[in-house]
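Asks: Sequence plus the predicted model coming up.
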Amino acid sequence: MALRACGLIIFRRCLIPKVDNNTIEFLLLQASDGIHHWTPPTGHVEPGEDDLETALRETREEAGIEAGQLTIIEGFKRELNHVARNKPKTVIYWLAEVKDYDVEIHLSHEHQAYCWLGLEEACQLAQFKEMKAALQEGHQFFCSIED
């Protein structure tokens, strides 16, 4: 059976567009172990939890962002499937916006760094093809509902 994990693709909107017109920035966390990969906050589902509860708990534990500091963007949910440590793994992501642009990030021991990046830079750091696609789809989805 595949491992199951859930997380949030978290973004913030710049109030003043930057020179490169990147008004949306994504939060990526760098893992402390393994290949030190960069991903949104993500973790395994615990017994008795539903998927969204897991995503919110993992975001609180890994980045210090509480559920009340986020707005879940309705209509966006992506399922990524890959192999992790020789086992099939399914990761479910929702899209969420922080309510406060300057929200404080408090990393857990599982991560060593974080950054807010525009779409192009975030896709460069996200080494996995499916993760890049999820970031691009999240960006496109949000931009389409904002028009």
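Replies: Okay, I see it. Since the structure is predicted, the reported quantities are computational estimates derived from the model, not experimental observations.

Asks: So what's the residue count around residue 64?
Replies: A count of nearby residues for residue 64, using other Cβ atoms under 10 Å, gives 16. For the C-beta atoms, the positions are set from N, CA and C on the backbone; glycine is no exception.

Asks: got the buried residues for the host helix or strand of residue 83?
Replies: Here residue 83 sits within strand 70-84, counting by DSSP states H and E. By neighbour count with 16 or more other Cβ atoms under 10 Å, strand 70-84 contains the buried residues 70, 72-73, 76, 78, 80.

Asks: In JSON lines, list those residues along with distance to residue 27.
Replies: JSON lines is the format used below for those (distance: Cβ to Cβ, whole Å):
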{"residue": "70", "distance to residue 27": "11"}
{"residue": "72", "distance to residue 27": "15"}
{"residue": "73", "distance to residue 27": "14"}
{"residue": "76", "distance to residue 27": "16"}
{"residue": "78", "distance to residue 27": "16"}
{"residue": "80", "distance to residue 27": "17"}
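
Asks: Hmm, which of these is lowest in pLDDT?
Replies: Among the buried residues of strand 70-84, residue 80 has the lowest pLDDT, at 93.

Asks: partner strands of the strand holding residue 83, parallel or antiparallel?
Replies: strand 87-98 (antiparallel) (DSSP bridges).

Asks: Extract the CA atoms of the strand it pairs with and return them as CSV.
Replies: Provided in CSV are the C-alpha atoms of strand 87-98 (Å, rounded to 0.1, in the frame of the first residue of the first chain):
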residue,chain,number,x,y,z
LYS,A,87,8.0,2.7,-1.7
PRO,A,88,5.1,4.2,-3.6
LYS,A,89,3.9,7.5,-2.1
THR,A,90,0.8,9.6,-2.7
VAL,A,91,0.9,13.3,-1.6
ILE,A,92,-2.2,15.5,-1.7
TYR,A,93,-1.8,19.3,-1.9
TRP,A,94,-4.2,22.1,-1.4
LEU,A,95,-3.6,25.7,-2.2
ALA,A,96,-3.5,28.2,0.7
GLU,A,97,-2.8,31.9,1.0
VAL,A,98,-1.3,33.5,4.1
